[in-house]
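Colleague: sequence unknown, structure follows:
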């Protein structure tokens, strides 16, 4: 599997260190991820703490998997009554996204997604055409099996 890189990620990190501001509303940030093969599935786990399930959007177009999530402020600072005063805000807010190019050996038609304890887990089955199979070889002496 091949992951797209974000050339501005390092610049964002430096800007966040200098300004003390984390996250962004104008440009999507990335989300931490683990990816591994487990039996006949490829598993992708993405950290999305504090994100509501209805704020997660998963799309697949051809072999491009896109995951977008939005973390909204817990306290409403635009409250008309004015009874909320933010004292400290260090948690990144805004839109987070990740794009992955999936290999042709994965079955993008049968992706399963679960969200529990702030972790989005995607399970992508290995396509049948990518699994090992036996091929019969014919000739004058008959057929024999060869592993493919």
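Modeller: Here it is on my side, so go on. Here the structure is a predicted model, which means the values were calculated and not measured.
Colleague: Could I get the full set of helices for the protein?
Modeller: Secondary structure of the chain (DSSP state H): helices at 9-19.
Colleague: which residues of it score low on pLDDT?
Modeller: The chain contains residues with pLDDT under 70 at 1-13, 16-17, 19-30, 75-82, 141-148.
Colleague: Quick one: the strands in it, in order.
Modeller: Secondary structure of the chain (DSSP state E): strands at 2-3, 23-29, 33-38, 41-47, 56-61, 64-71, 93-101, 112-116, 119-125, 134-137, 144-147.
Colleague: any chance of those strands in CSV, plus mean neighbour count and distance to residue 87?
Modeller: C-beta coordinates here come from the backbone N, C-alpha and C atoms, glycine included. Formatted as CSV, these follow (neighbours: other CB atoms under 10 Å; distance: least, CB to CB, whole Å):
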stretch, mean neighbour count, distance to residue 87
strand 2-3, 10, 38
strand 23-29, 14, 18
strand 33-38, 11, 32
strand 41-47, 18, 26
strand 56-61, 13, 29
strand 64-71, 18, 19
strand 93-101, 18, 16
strand 112-116, 12, 30
strand 119-125, 19, 29
strand 134-137, 9, 67
strand 144-147, 8, 65
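Colleague: These into TSV, with extra columns for distance to residue 86?
Modeller: As requested, these are exported to TSV (distance: least, CB to CB, whole Å):
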stretch	distance to residue 86
strand 2-3	35
strand 23-29	14
strand 33-38	30
strand 41-47	24
strand 56-61	25
strand 64-71	15
strand 93-101	11
strand 112-116	27
strand 119-125	27
strand 134-137	65
strand 144-147	63
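Colleague: closest one to residue 84 among those strands?
Modeller: strand 93-101 (14.9 Å; CB to CB).
Colleague: So what angle separates the directions of the closest one and strand 56-61?
Modeller: Inter-element angle recorded for strand 93-101 and strand 56-61: 30 degrees (by axes from the mean of the first three to the mean of the last three CA atoms, to 10 degrees).
Colleague: Distance check, the nearest residue to residue 60 once chain neighbours are set aside against residue 51.
Modeller: Using CB to CB, 6 or more residues apart in numbering and skipping the chain neighbours, the partner closest in space to residue 60 is residue 108 (5.0 Å). Residue 108 is 23 Å from residue 51, where distance means CB to CB, to the nearest Å.
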